[in-house]
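# pasted the sequence and its predicted model underneath.
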Amino acid sequence: MDAVNETSGATEPATGLTHLRQDGTAQMVDVSQKAVTTREATATATVRSTSKVLALLGAGELPKGDALAVARVAGIMAAKKTPDLIPLCHPLPISKVTVDFELGADSVGILATVKTKGVTGVEMEALTAASVAALSVYDMIKAVDKHAVLTDIRVLAKSGGKSGDWDLSALSTAQATTESTAGEVGA
């Protein structure tokens, strides 16, 4: 059996995928030369259920208790544990985590924001916080709705770092404007 040399190969393959070496094996990206900046990311997740369950959720009257309070703490804890769950994520000094909820008629929207001052972004931490908060909501409501659905998990915005800032709502608005004017005569 051939030995695997962890230090062989260039750090980045021709594809530009930084988490893969030239031989295709995984690596944790070297961020030691990156500048320390304030970085923030916001992610979302949605749990869909029935209006009856959402009313119980909003009133804190589910059989397991206050699901939103439990989900908020679960999301915060998850953000801090991201590198334990996602193998190639760097441990980061998390400065702030918020997890908020928006109750709708048949869904609860979860918004998780994570902030750090470091050399790499916190998108994965925000996604992990939103996802685990959604899983926790499901766990708390499954006694009354085993058919609830977790959906729409995504990053909404990020700021800081070399790649700069972006916001999905601004991108969506800009794309909508571009698409609507692209078909106009004389545009």
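Received the coordinates, thanks. Remember, predicted model here, so these are calculated numbers, not experimental data.

# and the pLDDT at Val185?
At Val185, the predicted lDDT confidence score is 47.

# try Ser169
Per-residue pLDDT puts Ser169 at 83.

# distance of it from Val155?
According to C-beta to C-beta, to the nearest Å, Ser169 and Val155 sit 12 Å apart. Every residue, glycine included, has its C-beta placed from N, CA and C.

# neighbour-wise, which of these two wins?
Legend: neighbour count by other C-beta atoms under 10 Å for Ser169 and Val155, higher for Val155 (19 against 9).

# what's opposite that one in the beta bridge?
Ala43 (DSSP bridges).

# for the chain, what's the longest helix?
Criterion DSSP state H: the longest helix present in the chain is helix 123-141.

# show me what counts as buried in it.
For helix 123-141, the neighbour count (16 or more other C-beta atoms under 10 Å) marks 123-138, 140-141 as buried.

# what do you get for stretch 94-105?
For stretch 94-105, a neighbour-count test (16+ other C-beta under 10 Å) marks 94, 97-99, 101 as buried.

# what about it, average pLDDT?
Average pLDDT, stretch 94-105: 97.

# who's in contact with that stretch?
For stretch 94-105, contacts defined as C-beta atoms under 8 Å, 6 or more residues apart in numbering pick out 51, 54, 57-58, 68, 71-72, 75-76, 79-80, 108-117, 122, 125, 129-130, 133.
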